[in-house]
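Asks: Sequence and predicted structure, then a few things I'm wondering about:
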Amino acid sequence: MAKILVSGCLLGFPCRYDGKSCPVAEIRELAKKHTLIPVCPEQQGGLPTPRLPSEIIGEKVINREGTDVSEQYHRGAEIALQTAKLNDIHLAVLKAKSPSCGKGKVYDGTFSGTLIPGNGVTVSLLEEEGLTVFSEQELTELRSLLDKGEGIL
């Protein structure tokens, strides 16, 4: 059995910027064999729900009105990392495209819906600390890893 850090919105918690969730049944199925620990770095960093959409612009996270919310994003990433460390978690499944949880692609900072290569603030920190991170679009890879018994310590 593995312990897996999971974006709360993927488990059905209404914590997205728009106050909604985006549950993924395949992820919830993982709870039958594994321990899922929900996180929402944006909420845990001090941002309200709902909140204005934010995107990464250079080294900062800026909301649609131009306010720098980088501090909250970094605080939330640190809390997610602490949660992983306290629970001896080495795997995470986080929400694709998010400025916090996006893996591989994030929005380009123009609020036009354009994606660019990159990771969200939380993904970057977790990977720097040695966690293996997947998006909900990479569940086949996660299942393969779990079937091999990897990530289970």
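Replies: Sure, I can see it. Residues are numbered from 1 along each chain as shown.
Asks: now for the longest helix along the chain, which elements pack on it?
Replies: Ranked by number of residues, the top helix in the chain under DSSP state H is helix 70-86. When contacts are defined as 3 or more C-beta pairs under 8 Å, 6 or more residues apart in numbering; DSSP states H and E, helix 70-86 sits against strand 3-7, strand 35-39, helix 41-44, strand 60-63, helix 121-128. For glycine as for every other residue, the C-beta is placed from the backbone atoms N, C-alpha and C.
Asks: Could you pull up the mean pLDDT of the third one?
Replies: When you say that, I think you mean helix 41-44. Mean per-residue pLDDT for helix 41-44: 98.
Asks: Any idea how far apart the tips of stretch 57-64 sit?
Replies: Using C-alpha to C-alpha, to the nearest Å, one end of stretch 57-64 lies 11 Å from the other.
Asks: chain center to it, what's the gap?
Replies: Taking C-alpha atoms, centre = their mean, to the nearest Å, one finds stretch 57-64 lying 17 Å from the centre of the chain it belongs to.
Asks: picking up where we left off before, okay, the helix or strand just after the longest helix of the chain in CSV with CA atoms only?
Replies: Toward the C-terminus, helix 70-86 is succeeded by strand 91-94 as the next helix or strand (DSSP states H and E). Taking Å, rounded to 0.1, in the frame of the first residue of the first chain, the C-alpha atoms of strand 91-94 are listed here in CSV:
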residue,chain,number,x,y,z
LEU,A,91,4.2,10.0,-4.7
ALA,A,92,1.7,12.7,-5.7
VAL,A,93,-1.1,13.2,-8.2
LEU,A,94,-1.8,16.8,-8.8
